[in-house]
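Engineer: just to be clear, the model below is a prediction. Sequence and coordinates:
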Amino acid sequence: NGTEDAEAHRPFFWPQSRTTIMKEITKEIADWLRDAHAMESNLVKMLEGQVPRLADYPDIQQGVAAHAEESKRHAELIEAALESLGEDPSLLKESVAKLTGMISPLGVGMASDAPVKIVLANYAAEHFEIACYRSLVAACETAGLTDIAATCAGILAEEVRMADTLQESIESVTATHLEL
């Protein structure tokens, strides 16, 4: 249409229309939501793989298993947020592959000190998630996407709770490991 043509061919010194700016901001937020979905999806796999290795630490094992379930729900909430923006959820697989390299180093092998490394890696991962969701909340609030901002704020609160739980367990898991 004529408006889009004019917008595409406007000189660089003409200001963009408010509609164009909002479309660009919404596209950026959708990209970040896809990244958040990928992050949650990868973390579910990582957490589920850690549960069997935490048998000597039942409290941590239970917390990790519960957080894997929370992360599944987080991915579903993010998918719904993307759908509310008119985004195609089938594009999510591309983001999962993109983010795998960022999260995969947090997977811990079968080392004898795996429980300690699991707690440390999960603590680091939680703080990465916290930073991502804080950014998403700010972006969504700025763009007037209040429902998505509220969703992200709810997820953020759960990530902070998990990070606090892990922080409280670092010393005890380390000491218990050295006593075993």
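Structural biologist: Right, received. Where do you want to start? It should be emphasised that the depicted structure is a prediction, and the values quoted were computed from it without experimental measurement. Numbers count the residues shown, from 1 in each chain.
Engineer: name the residues of stretch 51-64 that are buried.
Structural biologist: Neighbour counts over stretch 51-64 (16 or more other C-beta atoms under 10 Å) mark V51, R53, L54, Y57, I60, Q61, G63, V64 as buried. C-beta here means a position set from N, CA and C on the backbone, and glycine is covered the same way.
Engineer: and those, which two are furthest apart?
Structural biologist: For these, the farthest-apart pair by C-beta to C-beta is R53 and G63; their separation is 13.6 Å.
Engineer: just give me the residue right at the centre of this protein.
Structural biologist: The residue lying closest to the centre of the chain (C-alpha atoms, centre = their mean) is A36, at 3.8 Å.
Engineer: surely that one touches Y133?
Structural biologist: Yes - the pair A36 / Y133 is scored as a contact, 7.2 Å apart, by C-beta atoms under 8 Å.
Engineer: which residues do those two both contact?
Structural biologist: C152 (C-beta atoms under 8 Å, 6 or more residues apart in numbering).
Engineer: what's the distance between the helix or strand in which the residue nearest to the centre of the chain is found and the middle of its chain?
Structural biologist: Here A36 sits within helix 18-50, counting by DSSP states H and E. In terms of C-alpha atoms, centre = their mean, to the nearest Å, the centre of helix 18-50 is found 7 Å from the chain centre.
Engineer: quick one: mean pLDDT over it.
Structural biologist: Averaged across helix 18-50, pLDDT comes to 92.
Engineer: likewise stretch 59-74?
Structural biologist: Across stretch 59-74, pLDDT averages out at 96.
Engineer: same deal with stretch 80-95?
Structural biologist: 78.
Engineer: check stretch 128-135 too.
Structural biologist: pLDDT averaged over stretch 128-135 gives 97.
Engineer: flag every buried residue along that stretch.
Structural biologist: Buried, per 16+ other C-beta under 10 Å, within stretch 128-135: E129, I130, C132, Y133.
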